[in-house]
Structure formats: structure tokens, C-alpha cells
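*Asks:* sequence plus the predicted model coming up.
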Amino acid sequence: MLSLRLIRSFSTTIRYSSSASSSSNLKEANASTLNTPLIKGYEKPETYHIDGKSFETDDLWNLSPAVQKLMARRLLEESSNPLSLLKQRLINYFHQTYRKPGNRSPLFTICDKEPRVVTTYENFDSLLTPLDHVSRRPSDTYYVNSTNCLRAHTSAHQHS
């Protein structure tokens, strides 16, 4: 009951404080947030090294230390990791079930060593993703710089 009262009181306070602010104050607040870095609390590196490649960073950089730490783990390559075990079961299933005529070789090729950093052309433009599409926003894609980002999907390698 007390928590419900606190929530009501807090929401009322927010409602009154937001209605009291003028439109010019809101414009100033929006302008100031556009000039702040996307991720606060750490410095972006000048260059980012991943998978044997180096990339110069710029203002679009938004890889947090937590994301970098997860990328360093390589979960699909840890032999005892549940994701790795599931991946291996899927590979075995496809190799056993789908074979070329005469049961000689697998019908599918497993492509699991593709680069994790791709160009924005590979990730978006080659798939005709519009410039204003939500998936291009820094809140939805991890950018190394304005021309490179983390691969968001497997189709990034399918352009000709």
C-alpha cells in the first residue's frame, strides 16, 4: 500500500514538473543531450582491435566495456558452453540429414568464422535498408565508427 502511494505521489510530481517547463527549456535540454557522448563513464579508444584487425574509432563509437567483455568470451567456441553444444547438434543434424545425391558430402556449408565487424554497406546498404530505418540507430546497432559496425545479422555476408 505504501509503495502504491509513493508511486502515485512520484508520478504526480513528474506530471507537474514536466508541464511547468517551457518549450524553450525542452529544446535546450534536447540540444545538450545530442552533444553528450552516447556512453558515459569511459573513454573511447583511438583504435579498436578485434579478430586480428584494427579500426579507427570516431564519435559514433558505442561499444560499452560490457559488450567488449562479452565479445571476448567467444561462447560458441567454448566446448562445454550450452550454446556451443546446441550449435554442434544443429551442425550434426544438417550434415546427417541433408546430403548431396549419392550420400557423398553435406548439402550445406557451415560458415561460422565470418568477421564480426562489417561495413555499414554490408550490414545495411546491400540489403536496401533505408537511411532512416530504426535498425541504423546507435541504440539498435553497435558502431565501431561511422563506416563499420558489429554484424547484426547473418545476411551481412550475402551481398555479391
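*Replies:* Structure's in. What do you need? Residues are numbered from 1 along each chain as shown.
*Asks:* what are the boundaries of the strands in the protein?
*Replies:* All strands of the chain, identified by DSSP state E, fall at 47-50, 53-56, 117-119, 148-150.
*Asks:* can you list contacts of the last one?
*Replies:* Right, strand 148-150. 55, 63, 71, 116-120, 123, 141-144 (Cβ atoms under 8 Å, 6 or more residues apart in numbering). Quick note: C-beta positions are derived from backbone N, CA and C, even for glycine.
*Asks:* which of the residues you listed are buried?
*Replies:* When the contacts of strand 148-150 are checked for burial by 16 or more other Cβ atoms under 10 Å, the buried set is F55, L63, M71, V117, V118, T120, N123, T141, Y142, Y143, V144.
*Asks:* how close does the first one sit to R116?
*Replies:* Translated: F55. Using Cβ to Cβ, to the nearest Å, we find F55 at a distance of 11 Å from R116.
*Asks:* and this protein, what are its domains?
*Replies:* Following the assignment in automatic domain parsing, the chain carries domains at 1-36, 39-157.
*Asks:* W61 - how many residues pack around it?
*Replies:* Using other Cβ atoms under 10 Å, W61 has 20 other residues around it.
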